[in-house]
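Enquirer: With the sequence up front, the predicted model follows.
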Amino acid sequence: MAAYSRAKLAAVNEVLEAISEDRIAALDSTGTWPALTYGSTAAGAAEFILDRAIEFELLRGWRFNTALAKKYVVTTVLTFGSSVIRVVPVGPSARKVIDLRSGAGYDLELDSATLTAGDYFFDVVTIHEFSTIPLDIQNLIVKRAKRDFHRERKGNPIKDALLLDEYRQAESICQRPV
């Protein structure tokens with residue numbers, strides 16, 4: 001039996017609900033994830049805000065999207081996979097100041113993409129499509145998107161506060177980031 005997962009369409013409809021927009025029957029985007037083009041309707045804007053909320057929340061590094069202390073053997077250049085959105089040097093590499101630039105490791109101290117040969121260890125955070133994210137994190141993402149979309153479109157301070165409270169409640173039931 002497959003695990004329950006919220007469909008992206010249902011999530012976009014919940015985001016639209018935050019500004020009292022009617023539900024939609026289909027997403028207003030074209031292309032394939034992660035390279036989507038969003039329509040100019042409120043539904044397209046809501047989907048864009050939802051995808052931005054996915055990026056924001058997944059950058060935090062949760063249990064399902066973070067590989068801890070992953071070892072890389074480097075000769076000169078360290079290239080990460082296309083789904084990698086954040087790297088944090090750990091263990092023997094913890095004192096190194098290496099960041100992710102254009103899919104590769106970049107040594108900020110040396111100001112170079114060429115690294116000293118050796119073993120490097122990173123906590124590696126990856127991006128995922130909405131339907132593959134665990135339900136508790138999906139819920140958190142939707143609550144953030146609702147709050148952001150409402151603030152952008154309506155900006156009612158009372159409702160903003162209520163949506164922030166919804167977000168905090170959703171965050172309280174999530175398993176903490178790694």
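Expert: Received, thanks. Not measured: the values here are computed from a predicted model.
Enquirer: pLDDT value on the closest residue to residue 6 other than its chain neighbours, please?
Expert: Among residues not flanking residue 6 along the chain, residue 138 sits closest, at 5.0 Å (CB to CB, 6 or more residues apart in numbering). All C-beta spots, glycine's among them, are computed from the backbone N, C-alpha and C. pLDDT recorded at residue 138 is 96.
Enquirer: Report the secondary structure state of residue 138.
Expert: Under the three-state scheme (DSSP: H, G, I helix; E, B strand; the rest coil), residue 138 adopts helix.
Enquirer: Distance check, it against residue 86.
Expert: 20 Å (CB to CB, to the nearest Å).
Enquirer: Look at these two and report which has more neighbours.
Expert: Each of residue 138 and residue 86 has its neighbours counted (other CB atoms under 10 Å); residue 138 has more, 23 against 19.
Enquirer: these two touch, right, the more buried one and residue 11?
Expert: Yes - Residue 138 lies in contact with residue 11 (CB atoms under 8 Å); the separation is 6.9 Å.
Enquirer: For these two, list the residues in contact with both.
Expert: Each of residue 130 lies in contact with both residue 138 and residue 11 under the rule CB atoms under 8 Å, 6 or more residues apart in numbering.
Enquirer: Give me the neighbour count for the nearest residue to residue 29 once chain neighbours are set aside.
Expert: With CB to CB, 6+ apart as the criterion, residue 29 has its nearest non-adjacent residue at 4.5 Å, and that residue is residue 36. Residues near residue 36, counting by other CB under 10 Å, number 14.
Enquirer: Does residue 36 lie in a helix or a strand, and which?
Expert: Assigned by DSSP states H and E, residue 36 belongs to strand 35-38.
Enquirer: same deal with residue 86?
Expert: Assigned by DSSP H and E, residue 86 belongs to strand 84-89.
Enquirer: which helices and strands sit right next to the following helix or strand past that strand?
Expert: Downstream of strand 84-89, the next assigned helix or strand under DSSP H and E is strand 98-101. Helices and strands touching strand 98-101, by 3 or more CB pairs under 8 Å, 6 or more residues apart in numbering; DSSP states H and E, are strand 84-89, strand 104-107.
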